[in-house]
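**Q** Predicted model follows, preceded by the sequence.
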Protein chains: 2
Amino acid sequence: MTYAVFLDRLAASCSPNLCSSGIIRAVSHPEPRPSRPLPSLEELRAPVEADWQAVNRLIHQRLGSDVALVNQVAHHIIRSGGKRLRPLTVLLAARACGYEGESHIAAAAVVEFIHTATLLHDDVVDASGLRRGQETANAVFGNQASVLVGDFLYSRSFQMMVEIDEMAILQVLADATNTIAEGEVLQLMNCNEPDTTETDYLEVIYRKTAKLFEAGTRIGAILGAAPGLEDSLVNYGRHLGLAFQLVDDALDYDATAEELGKNIGDDLAEGKPTLPLIYAMKHGSAAERHMIREAIRTGGTQNLHSIQLAIDTTGGLRYTAQRANEEANLARESLRRMVNSPYKQTLLQLADFATARRS
Amino acid sequence: MTYAVFLDRLAASCSPNLCSSGIIRAVSHPEPRPSRPLPSLEELRAPVEADWQAVNRLIHQRLGSDVALVNQVAHHIIRSGGKRLRPLTVLLAARACGYEGESHIAAAAVVEFIHTATLLHDDVVDASGLRRGQETANAVFGNQASVLVGDFLYSRSFQMMVEIDEMAILQVLADATNTIAEGEVLQLMNCNEPDTTETDYLEVIYRKTAKLFEAGTRIGAILGAAPGLEDSLVNYGRHLGLAFQLVDDALDYDATAEELGKNIGDDLAEGKPTLPLIYAMKHGSAAERHMIREAIRTGGTQNLHSIQLAIDTTGGLRYTAQRANEEANLARESLRRMVNSPYKQTLLQLADFATARRS
């Protein structure tokens, strides 16, 4: 199901006052974030600490190759770290479903490998120089190595899935990787295209980001043999992923997010029509609209500061953050039927974390 | 098992007079090619004509995506054609093992998709402009689309494998794609490296080319539920693939191969130390050695004609062709224990075709 179809079905199923005319919002007034302090990543990992360590050990073990350059590139990008929220959601989802086996460790590592392979290919496509504040693999090793080591990671993850020996999981991941690839192509098609709509944008971020979160949490339900929770966890993963990407796209223009590990304005340099720009074009003056259209068309960053100002004055960042909060609320809402546990509580906190993060 | 390990085991198992000191040759005096006329591709396809048509239909069906650019790029490269020897070997191997089901059609298409994805990423890595006499996808659509549509094809093939619903086949293809990715990285590491040895070269072509042939014919045995033939077909696929690549690398310097669908000297422009060059460096004069080393180091083609001459006078093309014939003989030899059938006969003819082809 594409995200557009999903939106249509959601629109068809929710009462009119829950759906705005343009974008569908199942929760029209986002609940305020709980007043408890924002959890740290360490706190989020605590309920599955042993699993978490096992995933990291497995990631390092399975990066091995007798080809030296594979090791160098793969370790470079894995060492660069990142928050590893995707494998964390797999672990939490499986445990929340009562899973007591060991396959969630491999499944979590697989999801991280797929994500890492995507990053390697993404950075080639974007010609990025920095990611998470460090030089990208393609900047250090060249595009060629990044493409091929990305392929190595895809195929290694495929080997690990086969070892899990569960056809339903293979099915989920095959479909997810295909959707992600389509999403990346869709994003490429939208690049330098100022007429990209909010719906187009949502379709891209669903495919390129939310789908893998969705796959990861679905695998948790499959491993936990909890078919009754599969839909809940799929919805949770989807909305969490959307929230996560919306925040990511807002941070790219957020001048106060100095701690952000990538260059401000990277998306603009790539001509990516993300939501802050789409909103600012819709609600800005003719001059602002023209300036942003030209920047998207040419990937020019010479007006970055004026564009940041336009996004700010039109409320583009606020709107994007609000949409992220709505998705986070939907993610939390999705788990309503799940019995309580420290794992469920952490999944709920993850939704807070996804929207409140500053990097 | 790496090809180096395979060579070691072969060396350990064959009598001294069958093994030269440098390169292992299990057949020291290649049998002359049978005197019958070389079969055409159409003749090779004839015993599995209905299957062949079904594979081509499936390839076109499964290329579909609701993302326009995916369709354009994928159809561009699939339309460019090629001989599709890999899917043909899958069909023939399955039928030769008595398989009467339908899954070999999907398996054959999967193998072609994996090959095509590899080509898309290869052309990005090589910055190639022409393949099979046509503009490459990256020349037409850009590197970005080629990387991402390559990912689409990998993941689509993965979906199709899951549909075949046979874990043993998934295992074979997971391992094959991982070996191929390593082979591509290994090839990248050897680029511009004039000290690459014949053993290094053989390791690369085993991984990047022979492994997929080997996987395809192994799948034939798995589908045909013929475990007794699995080793035979694996060996057949490996040797056929090696023969095929050796010929490919010879044709890249063969001035008489005007019909070849790619630019003569492409490998040299990429600084690829293939066997004709390795041999010519070993057996040429100091001046020839120096000229070739510099060309490999710099990827310079300004001395292409002199290098072709050096390859010719040292016997580099003849030697490469001889090695290809040896591999083709080993491929034929591998099928000794297989009962006769039109499919087996065609597999034998394919080995002739692989070495005698001029394009």
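**A** Structure received.
**Q** What pLDDT is listed against residue A:38?
**A** For residue A:38, the pLDDT comes out at 82.
**Q** Repeat that for the one 10 residues further on.
**A** We note a pLDDT of 98 for residue A:48 in this prediction.
**Q** ok, now how distant is it from residue B:264?
**A** Distance from residue A:48 to residue B:264, counting by C-beta to C-beta, to the nearest Å: 58 Å. Bear in mind the C-beta positions are built from the backbone N, C-alpha and C, glycine included.
**Q** One more: residue A:90?
**A** 51 Å.
**Q** Show me which of these two is the more surrounded one.
**A** Ranked by neighbour count (other C-beta atoms under 10 Å in any protein chain shown), residue A:90 and residue B:264 place residue A:90 first, with 31 against 18.
**Q** give me every residue that touches that one.
**A** A:104, A:107, A:108, A:111, A:216, A:217, A:219, A:220 (C-beta atoms under 8 Å, 6 or more residues apart in numbering or on different chains).
**Q** quick check, nearest of those to residue A:53?
**A** When the contacts of residue A:90 are ranked by distance to residue A:53 (C-beta to C-beta), residue A:108 comes first, at 11.6 Å.
**Q** so residue A:194 touches residue A:292, yeah?
**A** Yes: if you go by C-beta atoms under 8 Å, residue A:194 and residue A:292 touch, sitting 7.1 Å apart.
**Q** Residues that sit against both of those two, list them.
**A** Each of residue A:281 lies in contact with both residue A:194 and residue A:292 under the rule C-beta under 8 Å, 6+ apart.
**Q** on that earlier part again, Produce a ChimeraX select command limited to the buried residues of the contacts of residue A:90.
**A** Entered in ChimeraX, the line below selects the buried ones among those, by 16 or more other C-beta atoms under 10 Å in any protein chain shown:
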select /A:104,107,108,111,216,217,219,220
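**Q** Whichever residue of the stretch 251-359 of chain A sits closest to chain B: how many residues sit nearby?
**A** As assessed by C-beta to the nearest C-beta, chain B sits closest to residue A:270 within the stretch 251-359 of chain A, at 10.2 Å. The tally of other residues near residue A:270 (other C-beta under 10 Å) stands at 19.
**Q** returning to what we had before: sitting in strands, which of the contacts of residue A:90 do you find?
**A** Judged by DSSP state E, the subset of the contacts of residue A:90 located in strands is empty.
**Q** Which positions in the stretch 151-300 of chain A make contact with chain B?
**A** A:151-152, A:154-156, A:158-159, A:161-162, A:165, A:167, A:170-171, A:173-175, A:177-178, A:180-182, A:184-186, A:188-189 (C-beta under 8 Å from any C-beta of the partner chain).
**Q** Residue A:297 is in contact with residue A:271, isn't it?
**A** Yes: with contacts counted by C-beta under 8 Å, residue A:297 reaches residue A:271, the gap being 6.9 Å.
**Q** Neighbour count for residue A:194 and residue A:292, which is higher?
**A** Just comparing residue A:194 and residue A:292: by other C-beta under 10 Å the higher neighbour count belongs to residue A:292, 26 against 18.
**Q** how about the closest residue to residue A:105 other than its chain neighbours, secondary structure?
**A** Nearest non-adjacent residue to residue A:105, counting by C-beta to C-beta, 6 or more residues apart in numbering or on different chains: residue A:54, 4.7 Å away. Using DSSP: H, G, I helix; E, B strand; the rest coil, the structure places residue A:54 in helix.
**Q** okay, and the common contacts of residue A:297 and residue A:271?
**A** Residues touching both residue A:297 and residue A:271 by C-beta under 8 Å, 6+ apart: residue A:192.
**Q** The two: who's more crowded?
**A** Shown here are residue A:297 and residue A:271; by other C-beta under 10 Å, residue A:271 has more neighbours (18 against 14).
**Q** Brilliant, that's me finished.
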